[in-house]
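K.L.:
Following is a predicted model, sequence given first.
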Amino acid sequence: MLSGCGHRGQSTGSGQSQPAQHQITVYYCKAGSDSLVAMHYTAASGLAGTALAQYVVSQLISGPPEPTTALLVFPADTRAVAIQHEATIDVDLTGTIAKHYAGGAGDEAGLFKSLTYTLTELPGVNAVQVSLNGHIEAALPGGHLELDEPLTRETFAQ
């Protein structure tokens, strides 16, 4: 984790002022649906570009602050590296998700919808290019969603 970042509402309790922060939104998809739930976190105001993208992806991959089965989350061993290239963020996923995906098509779409909506919430970002173990693949092994082209919010429009 990056220093200076934490969950919403974090306070020192000492009355001292904290460094300037800004709010970010991480979206989780409800299990069994395509509805998104927004959760808000704070990030140090100095984070921007790749550093902010990496922080946001780390929050998403870690799952919500309170574990729940009501929301879809990435497998616990998932790791992600995010790099911003202008309006696209490249996200390289490693762990079991990059080797075999046992969930159904709906859960898979929900995970990547949450990733895409979370990252395209960042200023100037409109697409997410996913790679697995450093390589762009057609889909997750055992998966259904096409990953060889950048994902956008329109990818998930119905």
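P.N.:
Thanks, I have the structure now.
K.L.:
wait, Thr42 sits on His22?
P.N.:
Yes. The pair Thr42 / His22 is scored as a contact, 7.1 Å apart, by Cβ atoms under 8 Å. C-beta here means a position set from N, CA and C on the backbone, and glycine is covered the same way.
K.L.:
Give me the pLDDT value at the closest residue in space to Ala109 that isn't next to it in sequence.
P.N.:
Spatially, and ignoring its direct neighbours in sequence, Ala109 is nearest to Leu145 (5.6 Å; Cβ to Cβ, 6 or more residues apart in numbering). In this model, Leu145 is scored at 90, pLDDT.
K.L.:
which one of Thr42 and His22 has more residues nearby?
P.N.:
Between Thr42 and His22, counted using other Cβ atoms under 10 Å, the more crowded position is Thr42 (17 against 13).
K.L.:
who does the host helix or strand of the more buried one pair up with?
P.N.:
Per DSSP states H and E: Thr42 is located in strand 36-44. Using DSSP bridges, strand 36-44 pairs in its sheet with strand 6-7 (antiparallel), strand 21-29 (antiparallel).
K.L.:
Quick check, Thr69 in contact with Tyr28.
P.N.:
No. With contact defined as Cβ under 8 Å, Thr69 does not reach Tyr28; the gap is 11.8 Å.
K.L.:
neighbour count winner among these two?
P.N.:
Tyr28 (24 against 7).
K.L.:
beta partners for the residue nearest to the more buried one when sequence neighbours are not counted?
P.N.:
Closest residue to Tyr28 apart from its sequence neighbours, by Cβ to Cβ, 6+ apart: Leu71 at 4.2 Å. Assessed by DSSP bridges, Leu71 has beta-bridge partners Lys30.
K.L.:
Also Leu132?
P.N.:
Leu93, His135.
K.L.:
List the contacts of it.
P.N.:
By Cβ atoms under 8 Å, 6 or more residues apart in numbering, the residues touching Leu132 are 92-94, 97-98, 140-141, 147.
K.L.:
Count the residues that sit near Ser33.
P.N.:
If we define neighbours as other Cβ under 10 Å, then Ser33 has 11 of them.
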